[in-house]
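> Curious how this folds, go ahead:
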Amino acid sequence: MKKKEAKYEVLDHLWKSIHKEINTIGFTTKDKSMSELYISIAKIPEECKTYILYRYIEDCFIKHSLAFFQWRKKFRKDEVRLEEIDGTVRAVTLRIMSEDYISRTVSDETLAKAKLSKDAEKKL
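Sure thing, here's the model as predicted:
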């Protein structure tokens, strides 16, 4: 758990740095779209931002695990363990590719808070 908290702190610091940089660029260049982006990012609730960053960390962990098991399968010579590794790779892949993966883990209220407006999405 401490690793996730440390990774969260790094991502949170990066989030704040980028947000500040967007404000600086918008102010110095008087670019209205950058100012609007800054405002839309500032409107994201803290609990939503926290959820997004922790979810990103969790997804990275899952994908890293999948890549590790694929690597193990490629270089493993023991046939008995290969079947076990193959099963794990299939299970993780199915979890990632599942269409209802997000809907099972995120409430409708959180999804509504996390959605960006179409204008902000186009500017990204």
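> And for the residue nearest to residue 72 when sequence neighbours are not counted, the neighbour number?
Among residues not flanking residue 72 along the chain, residue 85 sits closest, at 5.4 Å (C-beta to C-beta, 6 or more residues apart in numbering). Every residue, glycine included, has its C-beta placed from N, CA and C. Residues near residue 85, counting by other C-beta atoms under 10 Å, number 18.
> Same check on the one 5 residues further on?
The criterion is other C-beta under 10 Å. On that basis, residue 90 has 11 neighbouring residues.
> quick one on the thing from earlier: the residue nearest to residue 72 touches residue 69, doesn't it?
Yes: between residue 85 and residue 69 there is a contact at 5.4 Å, judged by C-beta atoms under 8 Å.
> what bits of the chain have low per-residue confidence?
Scanning the chain for pLDDT under 70 picks out 1, 76-80, 82, 96-124.
> longest single helix anywhere in it?
Longest helix in the chain by number of residues, with DSSP state H as the criterion: helix 46-75.
> for that helix, packing partners?
Counting contacts by 3 or more C-beta pairs under 8 Å, 6 or more residues apart in numbering; DSSP states H and E, helix 46-75 is packed against helix 2-29, helix 79-97, helix 108-114.
> now with 6 Å?
With contacts taken as 3 or more C-beta pairs under 6 Å, 6 or more residues apart in numbering; DSSP states H and E, helix 46-75 sits against helix 2-29, helix 79-97.
> Identify whichever of those lies nearest to residue 45.
With C-beta to C-beta, the closest approach to residue 45 among the helices and strands packed on helix 46-75 belongs to helix 2-29: 13.3 Å.
> Who are the packing partners of the following helix or strand past the closest one?
Sequence order places helix 32-42 as the next helix or strand after helix 2-29, per DSSP states H and E. Applying 3+ C-beta pairs under 6 Å, 6+ apart, we find helix 32-42 packed against helix 2-29, helix 118-123.
> Can you lay out those as TSV showing distance to residue 91?
Putting the helices and strands packed on helix 32-42 into TSV (distance: least, C-beta to C-beta, whole Å) gives the following:
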stretch	distance to residue 91
helix 2-29	22
helix 118-123	33
